[in-house]
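A.B. asks: Give me coordinates for this.
(chains A and B)
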Amino acid sequence: MAGERVMELVRELHRAADGHLPPFRTEGLRQALEEMRALYERNQADVSEAKAGRTDLIFLIRFRHCCLLRNQRCVLAYLYDRLLRIRALRWEYGSVLPNAIQFHMSAEEVEWFNRYKKSLATYMRSVGGEEGLDLTQDIKPPKSLYIEVRCLRDHGEFEIDDGTTILLKKNSQSTYFGNSSTHHECVKATKESNRTQFTYCVSWSPLRCSVE
Amino acid sequence: MSEAYFPVGPGLGLEENFLSLDDILMSQEKLPGRAESALPRLALALGTGSAESVPEGSKLEIPLWLAKGLHDSKRRIISVELPKIYKEAWRTVFSADANVVDLHKMGPYYYGFGSQLLNFDNPENPEIAQTAQQSSEKMSWCNPNGPLDYCWTLQTFINRFRRIMDSSQNAYNEDTSALVARLDELERALFQVGQKGLNDFQCWEKGQASQITASSLVQNYGKRKFTEMDV
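C.D. replies: The predicted model follows:
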């Protein structure tokens, strides 16, 4: 049946839940494009015949045209949805993607990602005064002024933007002024290690947070 | 759920969203139809047989996208009919109790597909056509029994909605597979939205709303990396 190969691509992408990016199916895409090319050529041949008088071919031309449109739609949706997922990766992961993910992207997608990164960085630099504003760090607005950090495991020294070094030792607990730089470092550490939890502390009742 | 990933959602009403994966999967569902003229080499193309040409009047099962493409108001090539789950026989089942019907089995895109069927004009029983014509002059350009069918699917949805809303708001930290098994895709999306709202509220109640955590996307990638290393 026409359009089956490209439907497999769409189904696989749809099954990948929560924005996860499956590997790029170059082979599947190539087969879909090959099928489109074959349909198109057969249609070209039939159109000239139909013009010469064989009207019974018109339905077949129309049928092939429907298949071509269907393939086109599926291929476009496949590529577009993957780009949406890659864009989400920039906002959730950061500007450097781990190799495992990069492996799943095609060369064009990697280039798109780099260009998107650049556009985003240009925009962020233009916003918020001289140094620019990193929009990807705080997607949700912070709830309070202070951050309370409690270590669950030894992490060693940890340096914040303004030069202060914090010593993260197991079971130590300290309060830091949650200015933007401290907070940004905390969030960055959270994203990178993905086993770190920081919490905001409400000024009258500090909440726990843990660093592993 | 990944917070930065916004897929193209399914279209509302008669139009599909071109880039929506949901709509593509929905329009792959099959529709019963009838060939209005002899169709050369269609059997081969459809993969239904090796006959040279499909004779006039034979029954076909074609996907929705093909039906929409080949259909025209003069019905020279193909005419389509409503699938049986949208017909009179099933209407009595729905009117008895809409909640027990397994809509996932009836095609996982029951509502979406039903909305798309309004695109075709296929006059059914004269009685239904009359009732529909009496009820709305404005919709005369579309399916004569369209308004009735649409009211019908709408009614089914209304009957089932209360239970979906109720179960999604009260099933916290449980295995919900039994609850969603009989829902079609639209209802499942609604259910998930309800669950998310419930989880967010519970999170806020426990005071976890102001905790900074790694996003679920990042956590999932971390877990996968470990399994890859193990292998």
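A.B. asks: quick one: low-confidence parts of the chain?
C.D. replies: No chain specified, so I'll use chain A. For chain A, applying pLDDT under 70 flags the ranges A:1, A:138-140, A:142-212.
A.B. asks: actually chain B
C.D. replies: B:1-2, B:40-54, B:73, B:75, B:121-150, B:209-231.
A.B. asks: the helices in it, which residues?
C.D. replies: In chain B, the segments counted as helices under DSSP state H are B:21-26, B:42-46, B:64-70, B:88-96, B:110-117, B:126-135, B:146-170, B:177-180, B:185-205, B:216-230.
A.B. asks: Going by neighbour count, list what's buried in stretch B:87-95.
C.D. replies: Under the neighbour-count criterion of 16 or more other Cβ atoms under 10 Å in any protein chain shown, stretch B:87-95 has B:Trp90, B:Arg91, B:Phe94 buried. In short, each C-beta sits where N, CA and C put it, glycine included.
A.B. asks: go on, stretch B:31-40?
C.D. replies: Across stretch B:31-40, burial judged by 16+ other Cβ under 10 Å covers B:Leu31, B:Gly33, B:Ala35, B:Leu39.
A.B. asks: re earlier: which one of the buried residues of stretch B:87-95 is nearest to A:Met124?
C.D. replies: B:Phe94 (53.2 Å; Cβ to Cβ).
A.B. asks: so who does that closest one touch?
C.D. replies: Going by Cβ atoms under 8 Å, 6 or more residues apart in numbering or on different chains, B:Phe94 touches B:Val101, B:Trp152, B:Gln155, B:Thr156, B:Asn159.
A.B. asks: burial count for A:Asp46?
C.D. replies: A:Asp46 has 16 neighbouring residues, counting by other Cβ atoms under 10 Å in any protein chain shown.
A.B. asks: Same check on B:Lys30?
C.D. replies: 14.
A.B. asks: any idea how far B:Glu15 is from it?
C.D. replies: In this view, B:Lys30 and B:Glu15 are 21 Å apart by Cβ to Cβ, to the nearest Å.
A.B. asks: name the helices or strands packed onto whichever strand or helix holds A:Ala88?
C.D. replies: Here A:Ala88, judged by DSSP states H and E, is contained in helix A:58-93. Packing contacts for helix A:58-93, counted by 3 or more Cβ pairs under 8 Å, 6 or more residues apart in numbering or on different chains; DSSP states H and E, involve helix A:4-15, helix A:26-51, helix A:107-126, helix B:21-26, strand B:39-40, helix B:42-46, helix B:64-70, helix B:216-230.
A.B. asks: at 7 Å what do you get?
C.D. replies: helix A:4-15, helix A:26-51, helix A:107-126, helix B:21-26, helix B:64-70, helix B:216-230 (3 or more Cβ pairs under 7 Å, 6 or more residues apart in numbering or on different chains; DSSP states H and E).
A.B. asks: Are any of the contacts of B:Phe94 buried, and if so which?
C.D. replies: Buried members of these, scored by 16+ other Cβ under 10 Å, are B:Val101, B:Trp152, B:Thr156.
A.B. asks: for those, which one is nearest B:Val8?
C.D. replies: Nearest to B:Val8 among these, with distances taken as Cβ to Cβ, is B:Thr156, at 26.0 Å.
A.B. asks: since we're on A:Arg115, how many residues are nearby?
C.D. replies: The local packing of A:Arg115 (other Cβ under 10 Å) involves 10 other residues.
A.B. asks: ignore the last one, B:Ile62
C.D. replies: Neighbour tally, B:Ile62, other Cβ under 10 Å: 22.
A.B. asks: Show me what it bridges to in the sheet.
C.D. replies: Beta-bridge pairing of B:Ile62 under DSSP bridges involves B:Leu31.
A.B. asks: if we can go back for a sec, now the helix holding A:Ala88 against helix A:4-15, angle please.
C.D. replies: 30 degrees (axes from the mean of the first three to the mean of the last three Cα atoms, to 10 degrees).
A.B. asks: domain assignment for chain A?
C.D. replies: A:4-126, A:146-211 (automatic domain parsing).
A.B. asks: And the residue nearest to A:Tyr78 when sequence neighbours are not counted, how close does it get to B:Gly13?
C.D. replies: Take A:Tyr78 and drop its neighbours on the chain: the residue closest to it by Cβ to Cβ, 6 or more residues apart in numbering or on different chains is A:Leu9, 5.1 Å away. From A:Leu9 over to B:Gly13 the distance is 27 Å, taken as Cβ to Cβ.
A.B. asks: Between the two, which has more neighbouring residues?
C.D. replies: Neighbour count, other Cβ under 10 Å: between A:Leu9 and B:Gly13, A:Leu9 has more, with 22 against 10.
A.B. asks: and the more buried one, what is it in contact with?
C.D. replies: Residues near A:Leu9 by Cβ atoms under 7 Å, 6 or more residues apart in numbering or on different chains: A:Arg25, A:Gly28, A:Leu29, A:Tyr78.
A.B. asks: right, and the second one touches A:Arg11 too?
C.D. replies: To tie it back to what came earlier, the one meant is A:Gly28. No. With contact defined as Cβ atoms under 7 Å, A:Gly28 does not count as touching A:Arg11 (10.9 Å).
A.B. asks: roughly how far apart are B:Glu61 and chain A?
C.D. replies: 11 Å (Cβ to the nearest Cβ, to the nearest Å).
A.B. asks: Which residues are in contact with that residue?
C.D. replies: B:Lys30, B:Pro32.
A.B. asks: now B:Ser58
C.D. replies: B:Ala35.
A.B. asks: and what of B:Ala181?
C.D. replies: B:Ala181 makes contacts with B:His104, as judged by Cβ under 7 Å, 6+ apart.
A.B. asks: One more pass at 8 Å, please.
C.D. replies: Counting by Cβ under 8 Å, 6+ apart, B:Ala181 touches B:Asp102, B:His104.
A.B. asks: Can you get me a residue count around the residue nearest to B:Leu66 when sequence neighbours are not counted?
C.D. replies: The shortest distance from B:Leu66 to any non-neighbouring residue, by Cβ to Cβ, 6+ apart, is to A:Cys66 (5.7 Å). Number of residues near A:Cys66 (other Cβ under 10 Å) recorded here: 20.
A.B. asks: swap in B:Leu12?
C.D. replies: For B:Leu12, the neighbour count with other Cβ under 10 Å is 10.
A.B. asks: distance of it from A:Ala100?
C.D. replies: To A:Ala100, B:Leu12 is 38 Å away according to Cβ to Cβ.
A.B. asks: now B:Ala38
C.D. replies: Taken as Cβ to Cβ, the span from B:Ala38 to A:Ala100 is 55 Å.
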